[in-house]
Every structure is written in structure tokens, then in C-alpha cells.
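In: Attaching a predicted model along with its sequence, questions to come.
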Amino acid sequence: MLTYNRVVSVKHSGKTYTVPVTQEITTRAFKDAISHLTRVPTERMKVMVKGKLVKDDTDYVSLANQKQTVMVIGAAEALPPPPAEQTVFLEDVGDEDIKSDGPTGLINLGNTCYLNSTLQAIRAIPEVHQALKEFAPSSASSSFVPESRVANSLKNLFITIDNTPNAVPPLEVISNLRILSPQFAERDQRGQYAQQDADEAWTQLVQALRAALPKNGEEGSVVDRLMSIELTKTLKNAETEEEPETTSTETVLKLECNISGSTNFLMSGIQDSLNQQVEKTSATLGRNATYSMQSRISRLPEYLVVHMVRFYWRRDIQKKAKIMRKVKFPLQLDLSDIVTEPIRKKIQPLNTATKQILKERDARASILKRKPGQGLDEEKKKRGEEQATVEDLVKEGGLTNGERSGMYELAAVVTHKGASADSGHYIGWSRIDDGAYIPAEQQRWAKFDDNNVTFTDANKILSMDGGGEDSVAYILLYRAAKI
């Protein structure tokens, strides 16, 4: 198994450092790690073993096994002066947090919290995790196709995480992501790798997995099967009744939650993004006209990603400024109001039954909390009856996993703390209980603040709805509710 239990000794200017390696680590990633430790820019360093420069195919695990020492030649950059204003905001650890000995964190390699938090959210999708374990790229694609290199590095990283309790450096992933999308290799005024937007990292990683993982006919890759949302769009000329409306479909991998001065709840922001006014040329009127475009979901995903559109470009400061407005989001999300009419009719019986079951479970949980140890056998029997009811409705309706009810549960969150997308601090949060429905007060969540992993509860998650520069939900990952 791949683990970071081997290290290579690196010497520079009289100091010795250690760099963790795997069989798959590239020379580029190895140099990035050295640069992080020594502050020698990769483009100005010479890396040598036994007096010879390392090559692209150097086997670093063999160097570790042979206890070879790598020599680095190059001038380190001077330490920058402290900034006039604080630009990186660290998350405060609350009283509700308890140190975790379970989930594994990721080491921050220098402004890479945007990547670490996103990777933890991806790991909250077990089917993607499993698909990566089974991923076997051809030697050609692994070497030359950027998307395959990203997928393969994710595979190696996730296997390593599964087999070590210690925080892991995502060296290969960040190196290959920077090859796939050079924007992630941008440096700030101090010459360090710049902070990036977590949503852009999410998009690049998911698209890479979509392209690299095996396809299954028309179903596509595991990303398509689990996360694709089909939108049916109706376009109607708002200035004349003479022009017939047109209908088209589009497949997306996430929904947007637009945030305006009147947005208070997640669903209203999603609905705003699905109902737009656009301007286009009208053949009927012979001029530009305003059209109403309404989008409705005609294929529900098994995992739903919602991007909270909290950043916009401000020309005066040349930065992505943050919308601080408080927007409440639920632990349970019902999409039945934004699906097409055929889908609504198909899922309605199970949707109604699911909401009633969840309501009754919450009520029973409150009673059981007051009577510890009592009524457990009865609760187990009741849940068996509920599951039988659900399965009967699934069969009667011919429903797929994504279509089961249109009800979703929150599974992971990426939050941002700070004033702009390209500064501040990103943190990942994931539910760590099983897949069946659990009342809010019984849910356990892991907080992934880079290498520091702690536990918290659902109340903490719901509190991160905005209103200031503190941690606020930015990416929400929901999974289809299971009874």
C-alpha cells in the first residue's frame, strides 16, 4: 500500500530536511516540497544526488531505501516583512470541539487550505472514493494526460489517508493540479504560492475526475452518474405573445445559490439562479428583447453540490469581494419545488412519506433522549417498518437512487473565513456517522482545519450561515436522504 512512511534527507546551506515520498511522486512535486522547506524557488534550484542532477524519472523511494542524501544548491528568498494588515484568518477552536484520533487531516503546503478543504469534501462521497481505488490508468495517460495524472494522484492520496493516522501532505495532487490549471501556480507579491478560490479548485478536480474515470456507456463516469443534474430550460419572449417559447436541456454538476439584498434562505437563492431575465435577438420583433428563462430539474443527482455565490469582482480594489449576508441553509433540503412536473408527479408519494417519516423520527428521538436505554427494540422495529414502506414506494414508482424522494441530507461543507476569495482561510467539514437518517442532535461532524482534525455537532454547522467575516458556508454537499 502507498504510504508516506519513507523520507528522503535533503541538505541545503548546512541544514538537513526530510521530504516524505511515495513511489508515484514526481520530480516536480519533490522540488515543490523542497521549495516549501528551504524557500529556494524551484526554477532557481539544482537538486543533486551523488553529484548528478535528478531526472524526471528519478526513483525517490529507492533513494529513501538507500538512505541517499539529496543536495540542493540555490539561494533562498528572504523572509518577507510582516504584512501591514492581517490577511490570513485562522479558525477559532470552540468549546464544542474535541480532538479527534480518527479522521486524517492534510498538511498545508503554503496557502493550500482551499485545496485541503475541497479534498475532504470529495472524500465524503464514498462511491468516488471507491472508484478512485479501482482506477488503473494506462501508463501513457498517467504520464501525459493532465486529468489522469490528477485522478491518479488523488487515488494515491486517498489510499495513504486510509492507512495512516498522521496528517498527509498532498504534494502530488497540488503539483498535478498546477499542471492541469496553471492559475493554481500563481504567486503573490511575496513570491509564495497565492491563495485560491475553493470553488474553482472543486470545479477543476471534479471535471478532471469526470474525464479520467472509466465511462459506462451513456451513463458516463461515476461523476456523471452521481452528480450530474439535468436542467430543462424554457425560454419565453417577455415582450410579445406571438413568439412561441422554446425548450432545451443542459447538464450541470452543481446548482448556484445567488445572494442578493433580499436573500435569506438557501432555496430562495437557488430559485433566483433558476429564474433569469436575459436579453437576446428576437426574430419576431427584429430587435433585442427581454426573455424570461426558467430552469427546472429533470434529472435529480444522488449527490447535490450547491455553490453559495458569495464573491464578486470589485474593480476598485481588483479583488473578489465577499457578500457577508446571512443566508440560512438546512440539514434537510427538499427539491420537489424546483423539478419538472413529470419528475414531481413521479417522486411525490415517496417525498411525502419521507418527510413524514423524518418528522416522526425526530419526535421519537426527543422522547428516547429523555429515557436513556429505553424503547430501543421498539425503535428498531419501527425503523424496519419505515424502510419496508419506502422500498414499496420505490418499486411502485420505478425510482432511481437520485429520484428516490427529492429529499437530501447535508453531508459536507467547505467554509471560508475572511473578506475575499483569494485570502482568508478555508476549512472542510464532513459528517462522520453512517448513511441512514440521524436526527440533527445526534449527528457527528469532523472539522478539517488542514492537519488539525476535531469533532463538532450539527448546531455548529448551521451557525455558519454568514453575517460577518467568520467562517461561512461556501460549498454545500448534500446526499439523497436514506431511511
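Out: Nice, thanks for sending it over. Residues are numbered from 1 along each chain as shown.
In: For the protein, give me the ranges with low pLDDT.
Out: 1-5, 23-24, 78-101, 139-144, 373, 401-403, 435 (pLDDT under 70).
In: Longest helix of it, counting residues only.
Out: helix 341-370 (DSSP state H).
In: in that one, what counts as buried?
Out: Neighbour-count burial for helix 341-370 flags 343-344, 346-347, 349-351, 353-355, 357-358, 361, 364, 368 (criterion: 16 or more other Cβ atoms under 10 Å). No exception for glycine: its C-beta is placed from N, CA and C like everyone else's.
In: residue ranges for the helices of the stretch 101-250 of the chain, please.
Out: 113-122, 126-134, 139-144, 146-162, 171-180, 198-212, 222-227 (DSSP state H, counting those that start in this stretch).
In: for these, which one ends up most surrounded?
Out: Counting by mean count of other Cβ atoms under 10 Å, helix 113-122 has the highest mean neighbour count of the helices of the stretch 101-250 of the chain, with a mean of 26.
In: which helices and strands does that one pack with?
Out: helix 146-162, helix 171-180, helix 198-212, strand 407-417, strand 425-431, strand 445-449, strand 472-480 (3 or more Cβ pairs under 8 Å, 6 or more residues apart in numbering; DSSP states H and E).
In: Quick check: can you list the domain ranges of this structure?
Out: Domain ranges of the chain: 1-79, 98-339+406-483, per automatic domain parsing.
In: a markdown table for those, including distance to Thr389?
Out: Formatted as a markdown table, the domains of the chain follow (distance: least, Cβ to Cβ, whole Å):
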| stretch | distance to Thr389 |
| --- | --- |
| domain 1-79 | 43 |
| domain 98-339+406-483 | 8 |
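In: winner for burial among the ones you listed?
Out: Note that of those, domain 98-339+406-483 is the most buried (mean count of other Cβ under 10 Å), with a mean of 18.
In: Return the distance of that one from the chain's centre.
Out: Remark: domain 98-339+406-483 is offset 5 Å from the chain centroid, using Cα atoms, centre = their mean, to the nearest Å.
In: can you give me the strands for the stretch 1-150 of the chain?
Out: Assigned by DSSP state E, counting those that start in this stretch, the strands in the stretch 1-150 of the chain fall at 6-12, 15-21, 46-49, 52-53, 69-73, 98-99.
In: Hmm, I typed the wrong one, I wanted the stretch 251-400 of the chain.
Out: 255-257, 275-282, 287-299, 303-308, 311-314, 319-322, 332-334.
In: From the contact counts, what lies against the second one?
Out: Counting by 3+ Cβ pairs under 8 Å, 6+ apart, the packing neighbours recorded for strand 275-282 are strand 287-299.
In: again, but for the third one
Out: Taking 3+ Cβ pairs under 8 Å, 6+ apart as the contact definition, the neighbouring helices and strands of strand 287-299 are strand 229-237, strand 246-252, helix 266-274, strand 275-282, helix 341-370.
In: For Trp313, which of the ones you listed is the nearest?
Out: helix 266-274 (17.8 Å; Cβ to Cβ).
In: relative to strand 287-299, how tilted is the closest one?
Out: When axes from the mean of the first three to the mean of the last three Cα atoms, to 10 degrees is applied, the directions of helix 266-274 and strand 287-299 differ by 130 degrees.
In: Extract the CA atoms of helix 266-274 and return them as CSV.
Out: The C-alpha trace of helix 266-274 is given here as CSV (Å, rounded to 0.1, in the frame of the first residue of the first chain):
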residue,chain,number,x,y,z
LEU,A,266,-30.8,28.8,0.5
MET,A,267,-33.8,27.7,-1.5
SER,A,268,-34.7,31.3,-2.5
GLY,A,269,-31.2,31.9,-3.7
ILE,A,270,-31.3,28.7,-5.8
GLN,A,271,-34.7,29.6,-7.2
ASP,A,272,-33.3,33.0,-8.1
SER,A,273,-30.5,31.4,-10.1
LEU,A,274,-33.1,29.2,-12.0
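In: picking up where we left off before, okay if I get the strands of the stretch 251-400 of the chain as JSON lines plus distance to Ser153?
Out: Shown next, in JSON lines, are the strands of the stretch 251-400 of the chain (distance: least, Cβ to Cβ, whole Å):
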{"stretch": "strand 255-257", "distance to Ser153": "28"}
{"stretch": "strand 275-282", "distance to Ser153": "38"}
{"stretch": "strand 287-299", "distance to Ser153": "30"}
{"stretch": "strand 303-308", "distance to Ser153": "22"}
{"stretch": "strand 311-314", "distance to Ser153": "27"}
{"stretch": "strand 319-322", "distance to Ser153": "27"}
{"stretch": "strand 332-334", "distance to Ser153": "32"}
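In: so which of the helices and strands packed on strand 287-299 gets nearest Pro126?
Out: Nearest of the helices and strands packed on strand 287-299 to Pro126, taken as Cβ to Cβ: strand 229-237 at 19.8 Å.
In: List the contacts of the closest one.
Out: 243, 245-255, 274, 278, 282, 284-285, 289-301, 304, 340 (Cβ atoms under 8 Å, 6 or more residues apart in numbering).
In: what lines up beside it in the sheet?
Out: strand 246-252 (antiparallel), strand 287-299 (antiparallel) (DSSP bridges).
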